[in-house]
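Colleague: sequence and predicted structure, then a few things I'm wondering about:
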Amino acid sequence: MSQSLLATMAKHESKLAELRGSLVGGIKIAVVDCLVSDPDFRLPEAIKVFVDAAPAVRIELTVERPQDILSGILDGSFDVGIGGFDNLVSGLDYETIYHEPHGLYCGRGHVLFDQPNDSLTSCDYTGYAWAHRRYWSRRRQRGWQLSEKDAFVQEIEAQMALVLSGAFLGLLPEHAARAHVETGKLRRLPFSGPNLDVPMSLVTRNAPRPATIELFRKEMLALYPGD
């Protein structure tokens, strides 16, 4: 091995050690609920790469509501947010990393659960009670008038429970509903409409980023090269 190559490698290792030494303190990451079952959610991989590169940095990871993530990034409570955000807040950078597909579901015991698909292809679902996520904007909710029978929740887990009850319809992430469909507790209904795919974004403050936050951001984005 040539002396110049050895020198180059030594210089690179020296810079890496210097970078690692400067990456100290903590990074606070907040994500929305019900993401771990999503095969496109690659945060665990990003954390592994980040920890290897910055072992001295303490990671704080919490699950929060979308609106609380955005306000928390603005006031410094969080450094990075990951989730679907319909109601955008100024002063933040939103970088779409992937899309989370949704479908319309009902639970066993619902009047539509055993109806054949051909009788539902033109079904008007407005006459049934829905479970909505309160933080969704109107464009992602039904395009028609909300009903007094509808229920509103702040978390997907709560929405899932309502749909599983058989009393409500609900737009749910496909990955979250899949296990319940396979066990016969949920049925995906024939339904198409706008805004069924939710853009999942990586959110940071629109300002110069500390080295720790920028490193995590780059490692996370590198896992989604096609998005």
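Modeller: Arrived safely. Residues are numbered from 1 along each chain as shown.

Colleague: quick one: contacts of stretch 179-199?
Modeller: Under the contact criterion CB atoms under 8 Å, 6 or more residues apart in numbering, stretch 179-199 has outside partners 37, 84, 96, 99-108, 110, 112-113, 117, 120-121, 123, 125, 139-140, 143, 160, 163-164, 169, 171-173, 177. Quick note: C-beta positions are derived from backbone N, CA and C, even for glycine.

Colleague: just those residues: which are in strands?
Modeller: 84, 96, 99-107, 171-173 (DSSP state E).

Colleague: most neighbours among the residues you listed, which one?
Modeller: Scoring those on neighbours with other CB atoms under 10 Å, the highest-scoring entry is Y105 at 28 neighbours.

Colleague: got the buried residues for the helix or strand M220 falls within?
Modeller: Counting by DSSP states H and E, the secondary-structure element that holds M220 is helix 211-222. Applying a neighbour-count criterion of 16 or more other CB atoms under 10 Å, the buried positions in helix 211-222 are T212, I213, L215, F216, R217, E219, M220.

Colleague: ramachandran coordinates for the nearest residue to the fifth one once chain neighbours are set aside?
Modeller: Sequence neighbours aside, T204 is the residue nearest to R217 in space, at 6.1 Å (criterion: CB to CB, 6 or more residues apart in numbering). Per-residue torsions, T204: phi -140, psi 170 (degrees, to the nearest 10).

Colleague: report pLDDT for T204.
Modeller: At T204, the pLDDT value in this model is 98.

Colleague: next: Y94.
Modeller: The predicted local distance difference test score for Y94 is 97.

Colleague: domain map for this protein?
Modeller: Per automatic domain parsing, the domain ranges recorded for the chain read 3-99+198-222, 100-194.

Colleague: tabulate the buried residues of helix 211-222 (TSV), appending distance to R133.
Modeller: As requested, those are arranged in TSV below (distance: CB to CB, whole Å):
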residue	distance to R133
T212	32
I213	28
L215	32
F216	27
R217	26
E219	29
M220	24
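
Colleague: turn the residues you listed into TSV, columns for distance to I73 and pLDDT.
Modeller: Output for the buried residues of helix 211-222, formatted as TSV (distance: CB to CB, whole Å; pLDDT from 0 to 100):
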residue	distance to I73	pLDDT
T212	15	95
I213	10	96
L215	17	96
F216	13	97
R217	12	97
E219	18	96
M220	15	97
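
Colleague: which one among those residues gets closest to Q154?
Modeller: Top of the list for closeness to Q154, among those and by CB to CB, is M220 at 25.2 Å.

Colleague: S201 is in contact with that closest one, correct?
Modeller: No: in this structure, M220 sits apart from S201 without contact. The criterion is CB atoms under 8 Å, and the distance is 11.0 Å.
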